[in-house]
Each structure stands twice: as structure tokens, then as C-alpha cells.
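K.L.:
got a sequence here, can you model it:
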Amino acid sequence: MNLEPYRKIIRKKLGDARYEHSLCVAEAAAALARKYGADPQKAELAGTLHDIMKDTPGPEQLQLLERFGIILSNLEKSAPKLWHAMAGAAYLEKALGIEDEEVLNAVRYHTTGREKMSLLEKVLFIADF
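P.N.:
Residues are numbered from 1 along each chain as shown. Reported below is the predicted structural model:
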């Protein structure tokens, strides 16, 4: 899988430190995927894109979520540091056309985790840690 187009996208959306972090997470996720039996290409893609909305201001993240029809619970509204994961997954699907549910869920839950996480979700969660 050619990730260069995605690297160019995040390069424009992220500051230097966050961009480098994303590349390192992608590398770690691919290595963990190989070790534990997840798909390394999906892991590298999810790692590359997991923080795509992290440097986007909160009000813009909320507008994006609203535009894509995502309704936040009161608890989610009170936790702005978590919005980038939800907004990121929505952006990947709606703006970039990524349809792979495993990748979308890995990005969506990379900050919070969830019950019964898939192997790819766990891989990204740990790689980002």
C-alpha cells in the first residue's frame, strides 16, 4: 500500500512534532501487527492517520462532527481532548473515502479504547501509547 498520499495530507494538517509522532506510531503499529498477527498494512495506515485532526482547533472539530451527522453525548462534549479521534475517523471515511471499518474503528478508539477491542484497535492503542 502506498502511504505517500496520506503522508502528504497529514503533513499539511499537522505541526512538525505531531507529524513525526504519526510516522513513528505508524512504524510501531506495523511492527506490533506483524508480531501479534494483525494486518501490518492496515496498522500502518491507521497509525499514519490516527491524529489527522489533532491539530485542528476544537470548534472546527465540532463543526466537522456536526457536518458528518455525529452527535456527541454530554460526556463526549465535556472531553475536547477526545474529539480528534471521533473527528478523525469521520474525516477518514467521509473526506478521504476510507471504508475499512477496522481502520476507522482503530482511529476512532485510539484514545479511549473500548470493550472487546479488535486486534487492530489494540495494536494502534499500544503503538500510540
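K.L.:
what does the helix or strand of the chain with the lowest mean pLDDT rub up against?
P.N.:
Sorting the helices and strands of the chain by mean pLDDT, DSSP states H and E puts helix 74-77 at the bottom, at a mean of 91. Helix 74-77 has contacts (Cβ atoms under 8 Å, 6 or more residues apart in numbering) with 82-83, 86. Quick note: C-beta positions are derived from backbone N, CA and C, even for glycine.
K.L.:
stretch 7-25 now?
P.N.:
Contacts of stretch 7-25 (Cβ under 8 Å, 6+ apart): 47-56, 96, 124, 127-128.
K.L.:
thinking M117 is in contact with V123, fair?
P.N.:
No: taking contacts as Cβ atoms under 8 Å, M117 lies outside contact range of V123: 9.5 Å.
K.L.:
quick one: name whatever helix or strand follows the least confident helix or strand of the chain.
P.N.:
Once the chain leaves helix 74-77, the next helix or strand it forms, by DSSP states H and E, is helix 83-94.
K.L.:
I'd like to know which elements that next one is packed against.
P.N.:
Using 3 or more Cβ pairs under 8 Å, 6 or more residues apart in numbering; DSSP states H and E as the contact test, the elements touching helix 83-94 are helix 58-67, helix 101-108.
K.L.:
which of the three states applies to I9?
P.N.:
helix (DSSP: H, G, I helix; E, B strand; the rest coil).
K.L.:
from E76, how far out is it?
P.N.:
25 Å (Cβ to Cβ, to the nearest Å).
K.L.:
about what we covered before: now pLDDT and distance to A17 too, for the contacts of helix 74-77, in JSON lines please.
P.N.:
Putting these into JSON lines (pLDDT from 0 to 100; distance: Cβ to Cβ, whole Å) gives the following:
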{"residue": "L82", "pLDDT": "93", "distance to A17": "20"}
{"residue": "W83", "pLDDT": "96", "distance to A17": "19"}
{"residue": "M86", "pLDDT": "96", "distance to A17": "22"}
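K.L.:
separate out the buried members of those.
P.N.:
Neighbour counting with 16 or more other Cβ atoms under 10 Å marks 82-83, 86 as buried within the contacts of helix 74-77.
K.L.:
when M117 and V123 are compared, which one has more neighbours?
P.N.:
Higher neighbour count among M117 and V123: V123, with 30 against 15, using other Cβ atoms under 10 Å.
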